[in-house]
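> Give me the fold of what follows.
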Amino acid sequence: MNIDMFLTKTGTKVPEFAKALNVSKATAYRWLDGSRFPNRKKLQEIYELTEGKVTPNDLILQNEVKPNVIQRIFGG
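You can find the predicted model right below:
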């Protein structure tokens, strides 16, 4: 499940989601539109906040992140 699906299903608004993760609304919207990708710490926080419903793999598949971005995030 991606972030947008989670927000829709739970009725959570983007500003609430951003506040729960201690990020700006702009950052949360960038994650949603795929122009930015959460760092490793935020990926874990998203996973915990959504009780495992949104996983790092979901976000990677949603955004079709390029391998060099994945390497930068995970240090691989």
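> Now name the helix or strand holding the closest residue to residue 14 other than its chain neighbours.
Nearest non-adjacent residue to residue 14, counting by Cβ to Cβ, 6 or more residues apart in numbering: residue 28, 5.1 Å away. All C-beta spots, glycine's among them, are computed from the backbone N, C-alpha and C. For residue 28, the host element (DSSP states H and E) is helix 25-33.
> What is that helix packed up against?
Using 3 or more Cβ pairs under 8 Å, 6 or more residues apart in numbering; DSSP states H and E, the elements in contact with helix 25-33 are helix 3-10, helix 14-20.
> run the last query once more with 6 Å
helix 14-20 (3 or more Cβ pairs under 6 Å, 6 or more residues apart in numbering; DSSP states H and E).
> Mind listing what's buried along the helix it packs on?
14, 17, 18 (16 or more other Cβ atoms under 10 Å).
> Output the below-cut-off pLDDT ranges for this structure.
62-76 (pLDDT under 70).
> what about stretch 9-26, how long is it end to end?
End-to-end distance for stretch 9-26: 21 Å, by Cα to Cα, to the nearest Å.
> which residues touch that stretch?
28, 45, 49 (Cβ atoms under 6 Å, 6 or more residues apart in numbering).
> Next up, the contacts around the second one.
It stands for residue 45. Contacts of residue 45 (Cβ under 6 Å, 6+ apart): residue 21.
> quick revisit: right, and out of the contacts of stretch 9-26, which lies closest to residue 56?
residue 45 (11.1 Å; Cβ to Cβ).
> mind checking the SS state of the closest one?
What DSSP: H, G, I helix; E, B strand; the rest coil gives for residue 45 is helix.
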